[in-house]
Every structure is written in structure tokens, then in C-alpha cells.
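[1] Here is my input, please return the structure:
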Amino acid sequence: MNSLIKGICLTAAALLLNACATMNNDSAAPERYSDLHFDNKAPIPLTVKTINVRSEFTPTFTRPNVEHLLPTSIEKTAKTWANERLQAAEPSSSRTAEFVIKDASVVEHEERSNQILQKDRLKYRANLNVVLRVIDHNASAQTSVEAFRELTMPIDTSIEDKEKHWNEMVINLFRAFDQHMEINAQKSLNMYIKDNNTVTTY
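    Have a look, this model is predicted:
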């Protein structure tokens with residue numbers, strides 16, 4: 001009888017330990033952020049055969065650059081934007097398009113407070129510089145967008161809250177980029193957009 005009670009107690013203890021371990025793992029799990037996508041919007045159809053997407057941005061992985069710490073990569077998201085919003089709409093054409101990422105950095109600066117009761121702050125600036133170019137034989141036409149967003153937070157902000165604010169900053173950055181790049185493409189590359197009836201005046 002005693003051995004039976006002991007066995008039940010040991011089983012109960014094992015279940016309790018397992019439950020505690022599960023709870024601890026859940027509470028320690030970091031929040032996951034989904035990649036940004038743009039396929040909910042109509043593509044921009046370029047009268048080109050191919051679209052080459054490439055990056056000329058090289059991260060340093062050293063401060064003040066901190067783009068490698070963000071849960072959402074600006075460089076990766078820019079490539080996603082090009083793949084989902086730009087469309088090569090004329091397979092028989094000899095023209096090509098290039099989508100070149102020049103800058104996808106995030107820079108961190110510490111701002112010292114001049115007031116005793118005010119905390120020092122961290123300021124972040126997210127940068128995105130992209131060139132969209134159509135190459136037509138020996139001629140070319142291009143447009144570009146330089147977008148940025150800034151964010152300031154107390155210096156003792158937790159990493160969880162930092163990631164949340166960083167993610168919001170990237171979302172706002174691409175909201176502005178998406179709008180301006182589409183406007184610029186319609187204006188500067190209108191002759192290479194399929195079924196575009198816009199007439200640009202100079």
C-alpha cells in the first residue's frame with residue numbers, strides 16, 4: 001500500500017514539474033514577427049523581359065549600425081517588395097529592369113539628458129535608398145526613393161519592447177516607401193509601364 005501511495009506521489013510530482021517547465025518555456029518564448037508582404041496590391045507591370053533584384057548594401061555588424069538586431073530585415077523586405085510589386089510584363093522585349101538596394105541601414109545614437117530626472121535616450125534612424133532602372137538598348141530611365149523613419153526610446157527599454165518598436169518602425173518605413181516608389185515609377189518610368197495612359201509633362 002505504501003509503495004502504491006509513493007508511486008502516485010512521484011507521478012503527481014513529475015506531472016507538476018512538467019507543467020511548470022511548460023509554463024516557463026511559454027513565458028520565455030520570444031515574440032515572433034512575420035515577414036512583410038505586398039502581394040495584396042496590384043503589381044506594377046513593366047514592359048521588360050526580366051527584373052534583376054540586387055543589393056549593394058553591406059552591413060557592418062558593428063555599432064552605431066544595428067540593422068542586424070532588428071526582427072524584420074529592411075534589406076530582405078525591400079527584395080520582397082520588388083518580387084511582389086514589380087512584374088516583368090513583356091517576355092518578348094529586349095529591355096531589362098534593375099531594382100538596386102543602395103542603403104538598408106539602421107543607425108543607433110545615444111542622447112544624453114540635460115535634466116536630472118529625465119533618462120538618457122536611444123535614437124534610431126532606419127534608412128532605405130533604392131533605385132529602379134529600366135535599360136532599353138543603349139538608353140535607360142530610372143527613378144529612386146530615399147525613405148527614412150526615426151524612433152526614440154528610453155535607454156533602459158527592454159529588448160522585447162525594442163523589437164516591438166523596431167518592427168513598427170520598419171512597417172511605417174515601407175508604408176511610405178511603397179507609396180512613393182509607385183508614384184515615382186508612374187511618373188518617371190511611365191513609358192515602360194504596360195497599359196499606362198499617364199502623360200508626363202515637363
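
[2] residue nearest the centroid of this structure?
    Centroid-nearest residue in the chain: I74, 3.5 Å away (criterion: Cα atoms, centre = their mean).

[3] ok, that residue touching F177?
    No - I74 is beyond contact range of F177, at 9.5 Å (criterion: Cβ atoms under 8 Å). Every C-beta, even on glycine, is put in place using the N, C-alpha and C of the backbone.

[4] Now do the shared contacts for these two.
    L128 (Cβ atoms under 8 Å, 6 or more residues apart in numbering).

[5] hang on, the earlier thing: per-residue pLDDT of the residue lying closest to the residue nearest to the centre of the chain once chain neighbours are set aside, please?
    Closest residue in space to I74, ignoring its immediate chain neighbours: A104 at 4.1 Å, by Cβ to Cβ, 6 or more residues apart in numbering. Listed pLDDT for A104 reads 98.

[6] Tell me where the protein is predicted with low confidence.
    1-31, 197-202 (pLDDT under 70).

[7] 50 instead?
    2-29, 202 (pLDDT under 50).

[8] residue boundaries of the helices in it?
    Using DSSP state H, the helices of the chain run over residues 2-28, 74-85, 159-188.

[9] could you say what helices and strands the last one packs with?
    Read it as helix 159-188. With contacts defined as 3 or more Cβ pairs under 8 Å, 6 or more residues apart in numbering; DSSP states H and E, helix 159-188 has these neighbours: helix 74-85, strand 121-136, strand 139-154.

[10] Could you pull out the buried residues of the first one?
    Which is helix 74-85. Neighbour-count burial for helix 74-85 flags I74, E75, T77, A78, K79, T80, W81, A82, N83, R85 (criterion: 16 or more other Cβ atoms under 10 Å).

[11] again, but for stretch 166-175
    Applying 16+ other Cβ under 10 Å to stretch 166-175 flags W166, N167, M169, V170, L173, F174 as buried.

[12] And for stretch 45-59?
    Quick answer for stretch 45-59 (16+ other Cβ under 10 Å): P45, L46, T47, V48, I51, V53, S55, F57.

[13] Kindly report the same for stretch 58-66.
    V66.

[14] got the buried residues of helix 74-85 as CSV, with distance to S158 columns?
    Formatted as CSV, the buried residues of helix 74-85 follow (distance: Cβ to Cβ, whole Å):
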residue, distance to S158
I74, 22
E75, 26
T77, 24
A78, 28
K79, 30
T80, 28
W81, 30
A82, 34
N83, 34
R85, 35
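
[15] R133 and R95 touch, don't they?
    No - counting by Cβ under 8 Å, R133 stays clear of R95, with 10.7 Å between them.

[16] Break the protein into its domains for me.
    Under the assignment automatic domain parsing, the domains of the chain span 1-30, 36-192.

[17] Deepest in the core, which of the ones you listed is it.
    Of those, the one with the most neighbours on average (mean count of other Cβ atoms under 10 Å) is domain 36-192, at a mean of 16.

[18] Quick one: end-to-end distance for that one.
    Start-to-end span of domain 36-192 (Cα to Cα, to the nearest Å) is 27 Å.

[19] Please list all residues in contact with M191.
    A141.

[20] if I look at it, how far off is L86?
    Distance from M191 to L86, counting by Cβ to Cβ, to the nearest Å: 16 Å.
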